[in-house]
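Asker: What follows is a protein structure lacking sequence information:
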């Protein structure tokens with residue numbers, strides 16, 4: 001009798017882990033596991049960021065993030081709007097004239113929190129957004145716990161996000177909004193109705209990314225969408241509308257830097273990957289602390305999951321996804337060597353802001369991670385219910401993949417930097433007050449454009465919904 005109960009219990013947990021079962025008991029069990037996974041992610045980012053002990057003495061944490069968080073904190077606590085900063089580390093002095101500075105509602109937390117506590121709170125907030133976005137993908141594609149876990153691990157622990165956050169690219173919290181973008185694009189290529197509601201949703205997601213200072217991600221997402229329209233002409237009109245409307249909706253954060261750097265950013269190109277072979281090496285070889293712009297570490301198992309399920313199996317099984325691969329290939333093409341350099345030197349607005357073409361791969365990578373999880377689930381669905389050996393192999397594989405990713409991320413964690421790599425100078429920042437009518441006018445015009453665009457899209461989406469009822 002005991003053996004029979006153990007067999008039933010084993011089958012129950014096998015179904016919970018590998019199938020989307022509908023019984024209330026199974027849903028509670030799955031919810032428990034997902035909650036544990038979410039909490040595990042919170043703990044991970046806490047350890048990675050050294051909890052509330054950020055001293056802002058590492059790389060960009062020191063020269064960029066520390067100064068502007070100190071400025072925001074002082075401005076809010078003195079009851080001033082964060083307009084101008086007085087510091088050699090904040091050039092230009094106009095706060096919103098630089099695209100990597102955050103300007104979203106959660107900065108109000110700096111009135112109550114010190115900058116170190118705010119860093120962790122902000123990452124937790126956006127990690128939660130990312131988890132929500134992944135749950136929406138799970139719901140749409142009926143993913144099991146295990147296939148969801150593969151997406152969760154590769155999305156949260158890949159070398160790109162851990163290296164950039166570890167080196168002080170705090171605006172990279174915008175990365176955690178990418179699941180919403182991916183979901184919207186998948187709905188489009190899979191033939192779901194895409195009207196004003198879709199355009200409103202895309203514009204809101206892109207505005208959310210811009211407000212974090214993640215202008216790079218905005219450009220990558222819009223470039224990917226535009227390429228998608230080029231490779232699949234039936235999407236061109238919608239893609240172009242999405243790009244234009246997202247730009248108008250984000251004008252509050254696009255216009256001030258655009259005017260400030262109208263004559264060029266003055267940046268020097270860092271160049272792309274040395275070769276396609278180096279791209280493969282950066283996906284498989286563990287990081288050594290150094291050049292964070294090139295690492296995309298997935299580990300051997302993670303890379304295998306992406307290639308087999310995300311590319312080989314999905315290319316053969318789902319024709320609707322094929323335009324995604326063409327856009328991804330184009331992004332890869334421009335990330336290698338000096339191929340992007342003519343665009344960088346073209347004087348076309350915003351193109352000279354992309355001095356590190358190696359970053360172009362992050363949006364295609366998130367798509368491939370998602371597609372791999374979706375196709376992995378379709379393979380699992382073909383298993384026999386008694387395929388215990390398959391399940392055991394997969395669980396061991398997931399454990400090893402998680403170990404690899406965690407081991408690699410440790411290289412970039414904040415507490416793992418040696419004292420000799422930490423800055424010792426003290427950065428002074430003060431809240432300034434200048435007379436600058438053109439800057440004020442730019443902010444007003446940008447805000448008005450954002451508000452009018454979103455209000456118009458919301459009205460059109462409402463009318464669209466009323467017609468469909």
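Answerer: In hand now; what should we look at? Nothing here was measured: the structure is a model prediction, and the numbers come from that model.
Asker: Would you mind measuring from residue 441 to residue 302?
Answerer: Using C-beta to C-beta, to the nearest Å, residue 441 is found at 49 Å from residue 302. Every C-beta, even on glycine, is put in place using the N, C-alpha and C of the backbone.
Asker: for residue 203, same thing?
Answerer: Taking C-beta to C-beta, one finds residue 203 at 32 Å from residue 302.
Asker: one step back: looking at residue 441 and residue 302, which is more packed in?
Answerer: The residue with more neighbours, out of residue 441 and residue 302, is residue 302; 27 against 11, by other C-beta atoms under 10 Å.
Asker: Which positions within the helix or strand encompassing that one qualify as buried?
Answerer: Assigned by DSSP states H and E, residue 302 belongs to helix 299-305. Neighbour-count burial for helix 299-305 flags 299, 301-303, 305 (criterion: 16 or more other C-beta atoms under 10 Å).
Asker: TSV for these, including pLDDT?
Answerer: Shown next, in TSV, are those (pLDDT from 0 to 100):
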residue	pLDDT
299	93
301	96
302	96
303	96
305	96
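Asker: Please go through this protein and pick out the longest helix.
Answerer: Longest helix in the chain, counting residues (DSSP state H): helix 437-468.
Asker: check contacts around the nearest residue to residue 114 once chain neighbours are set aside.
Answerer: Nearest non-adjacent residue to residue 114, counting by C-beta to C-beta, 6 or more residues apart in numbering: residue 73, 7.3 Å away. By C-beta atoms under 8 Å, 6 or more residues apart in numbering, the residues touching residue 73 are 110-111, 114-115, 118.
Asker: and if we set it to 10 Å?
Answerer: By C-beta atoms under 10 Å, 6 or more residues apart in numbering, the contact set of residue 73 is 82, 107, 109-115, 118, 429, 431.
Asker: Off-centre distance for whichever strand or helix holds it?
Answerer: Counting by DSSP H and E, the element that carries residue 73 is helix 66-77. Computed by C-alpha atoms, centre = their mean, to the nearest Å, the separation of helix 66-77 from the middle of its chain amounts to 25 Å.
Asker: could you point out which element follows it?
Answerer: Helix 66-77 is succeeded, C-terminally, by strand 84-86 (DSSP H and E).
Asker: which outside residues touch that following strand?
Answerer: By C-beta under 10 Å, 6+ apart, strand 84-86 touches 67-68, 70-72, 74-75, 90-98, 101, 428-434, 436, 439.
Asker: For stretch 327-335, give the mean pLDDT please.
Answerer: What stretch 327-335 shows for mean pLDDT is 95.
Asker: What are the buried residues along that stretch?
Answerer: Result for stretch 327-335 [16+ other C-beta under 10 Å]: buried residues 327-328, 330-332, 334-335.
Asker: Return the subset of those lying in strands.
Answerer: Counting by DSSP state E, no part of the buried residues of stretch 327-335 is found in strands.
Asker: Turn those into TSV, columns for distance to residue 387.
Answerer: Shown next, in TSV, are the buried residues of stretch 327-335 (distance: C-beta to C-beta, whole Å):
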residue	distance to residue 387
327	35
328	32
330	39
331	37
332	36
334	43
335	39
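Asker: quick one: which of the residues you listed is nearest residue 460?
Answerer: Nearest to residue 460 among those: residue 327, at 27.1 Å, using C-beta to C-beta.
Asker: In helices only, show me the buried residues of stretch 327-335.
Answerer: Using DSSP H, the buried residues of stretch 327-335 in helices are 327-328, 330-332, 334-335.
Asker: you'd agree residue 448 is up against residue 454?
Answerer: No. Using C-beta atoms under 10 Å, residue 448 is not in contact with residue 454; the gap is 11.1 Å.
Asker: ok, so what distance separates residue 66 from residue 432?
Answerer: Distance from residue 66 to residue 432, by C-beta to C-beta: 18 Å.
Asker: so how far is residue 2 from the residue most central in space within the chain?
Answerer: For the chain, residue 175 is the residue whose C-alpha lies nearest the centre (C-alpha atoms, centre = their mean; 1.6 Å). Counting by C-beta to C-beta, the separation of residue 175 from residue 2 is 49 Å.
Asker: Give the buried residues for the longest helix of the chain.
Answerer: By neighbour count on 16+ other C-beta under 10 Å, the buried set for helix 437-468 is 439, 442-443, 446, 449-450, 453-454, 457, 461, 464.
Asker: Same list (these) but as TSV, adding pLDDT and distance to residue 345.
Answerer: Output for these, formatted as TSV (pLDDT from 0 to 100; distance: C-beta to C-beta, whole Å):
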residue	pLDDT	distance to residue 345
439	92	28
442	94	26
443	95	30
446	96	28
449	97	29
450	97	31
453	97	32
454	97	35
457	97	35
461	95	40
464	90	43
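Asker: In JSON lines, list the residues you listed along with distance to residue 291.
Answerer: Below are the buried residues of helix 437-468 laid out as JSON lines (distance: C-beta to C-beta, whole Å):
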{"residue": "439", "distance to residue 291": "35"}
{"residue": "442", "distance to residue 291": "35"}
{"residue": "443", "distance to residue 291": "36"}
{"residue": "446", "distance to residue 291": "35"}
{"residue": "449", "distance to residue 291": "38"}
{"residue": "450", "distance to residue 291": "36"}
{"residue": "453", "distance to residue 291": "38"}
{"residue": "454", "distance to residue 291": "39"}
{"residue": "457", "distance to residue 291": "41"}
{"residue": "461", "distance to residue 291": "44"}
{"residue": "464", "distance to residue 291": "47"}
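Asker: so which of those residues comes closest to residue 250?
Answerer: For those, the minimum distance to residue 250 (C-beta to C-beta) is 6.8 Å, reached by residue 450.
Asker: What average pLDDT does stretch 126-141 get?
Answerer: Regarding stretch 126-141, the rounded mean pLDDT is 97.
Asker: So for it, what gets flagged as buried?
Answerer: Residues of stretch 126-141 classed as buried by neighbour count (16+ other C-beta under 10 Å): 126-127, 129-131, 133-135, 137-138, 141.
Asker: Stretch 10-19 now?
Answerer: Buried residues in stretch 10-19, counted by 16+ other C-beta under 10 Å: 14-19.
Asker: likewise stretch 47-61?
Answerer: Result for stretch 47-61 [16+ other C-beta under 10 Å]: buried residues 48-50, 54, 56-61.
Asker: now do stretch 225-235
Answerer: 225-229, 231-232, 235.
Asker: could you give the mean pLDDT of it?
Answerer: pLDDT averaged over stretch 225-235 gives 94.
Asker: so how far is the helix-or-strand element of the chain with minimal mean pLDDT from its chain's centroid?
Answerer: Every helix and strand of the chain was ranked by mean pLDDT, DSSP states H and E. The lowest is helix 2-18, at a mean of 77. Distance, stretch centre to chain centre, for helix 2-18: 37 Å (C-alpha atoms, centre = their mean).
Asker: Going C-terminal from that helix, what's the next secondary structure element?
Answerer: From helix 2-18 onward toward the C-terminus, using DSSP H and E, the following helix or strand is helix 24-48.
Asker: quick check: mean pLDDT across that following helix?
Answerer: Computed over helix 24-48, the average pLDDT equals 93.
Asker: So which bits of that helix are buried?
Answerer: For helix 24-48, by 16+ other C-beta under 10 Å, it's 26, 29-30, 33-34, 37-38, 41, 44-45, 48.
Asker: re the thing from before, quick one: the buried residues of stretch 225-235 as CSV, columns for distance to residue 313 and secondary structure too.
Answerer: What follows is the buried residues of stretch 225-235, written out as CSV (distance: C-beta to C-beta, whole Å; DSSP: H, G, I helix; E, B strand; the rest coil):
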residue, distance to residue 313, secondary structure
225, 25, helix
226, 28, helix
227, 23, helix
228, 21, helix
229, 26, helix
231, 21, helix
232, 21, coil
235, 24, helix
